[in-house]
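sequence unknown, structure follows:
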């Protein structure tokens, strides 16, 4: 296989959706009267549903192949050509793994909440010839 496709962090989406429902339930049962919880709940539920829908329709993705890295963020697709990639690394955080791509012009592009295994990272480095 000549492409590394990163998977979204479904655990993080589930936790976000659950916390949104929980904060909406607190407000609706009048256990908490803060409007902040209401807006936080609506925001988390709405954003989780939008992100999950975009991922299901293959509008939100990260593909790494020999030509470079292509990624979709909503309705636009962007490319990082292989010649401009200086290094690629992964960092674990509270929000899942973060894929960090450094380009030759000293820019860092970070991909949050994607599942990146060590085998995927080493395969991506081999594909990009780093």
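Everything's here; your move. This one's a predicted model, so the numbers in the text were calculated from it and none came from an experiment. Numbers count the residues shown, from 1 in each chain.

which residues are contacting stretch 82-93?
64, 66-69, 97-105, 116, 118, 121, 124-125, 128-130 (CB atoms under 8 Å, 6 or more residues apart in numbering). To be clear about C-beta, it is placed using only N, CA and C from the backbone, and glycine gets the same treatment.

drop anything exposed from those.
Burial by neighbour count, 16 or more other CB atoms under 10 Å: within those this picks out 64, 67-69, 97-99, 101, 103, 116, 121, 124-125, 128.

narrow those to those in helices?
Members of these lying in helices (criterion: DSSP state H): 121, 124, 125, 128.

pLDDT score for residue 106?
The score at residue 106 is 91. That number is its pLDDT.

next one: the one 5 residues further on
As predicted, residue 111 sits at a pLDDT of 88.

for it, give me its contacts.
6, 62, 71, 98, 99, 100, 101.

make a markdown table out of these and add pLDDT.
Conversion of these to a markdown table gives the following (pLDDT from 0 to 100):
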| residue | pLDDT |
| --- | --- |
| 6 | 87 |
| 62 | 91 |
| 71 | 92 |
| 98 | 87 |
| 99 | 90 |
| 100 | 93 |
| 101 | 94 |
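
export those residues as a markdown table, with columns for distance to residue 39.
What follows is these, written out as a markdown table (distance: CB to CB, whole Å):
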| residue | distance to residue 39 |
| --- | --- |
| 6 | 31 |
| 62 | 30 |
| 71 | 30 |
| 98 | 27 |
| 99 | 30 |
| 100 | 31 |
| 101 | 34 |
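
residues contacting stretch 9-20, please?
Outside of stretch 9-20, the residues that reach it under the criterion CB under 8 Å, 6+ apart are 40-45, 47-49, 51-52, 95-97, 113-115.

7 Å instead?
Residues external to stretch 9-20 that are found in contact with it (CB atoms under 7 Å, 6 or more residues apart in numbering): 41, 44, 45, 48, 51, 52, 95, 96, 113, 114, 115.
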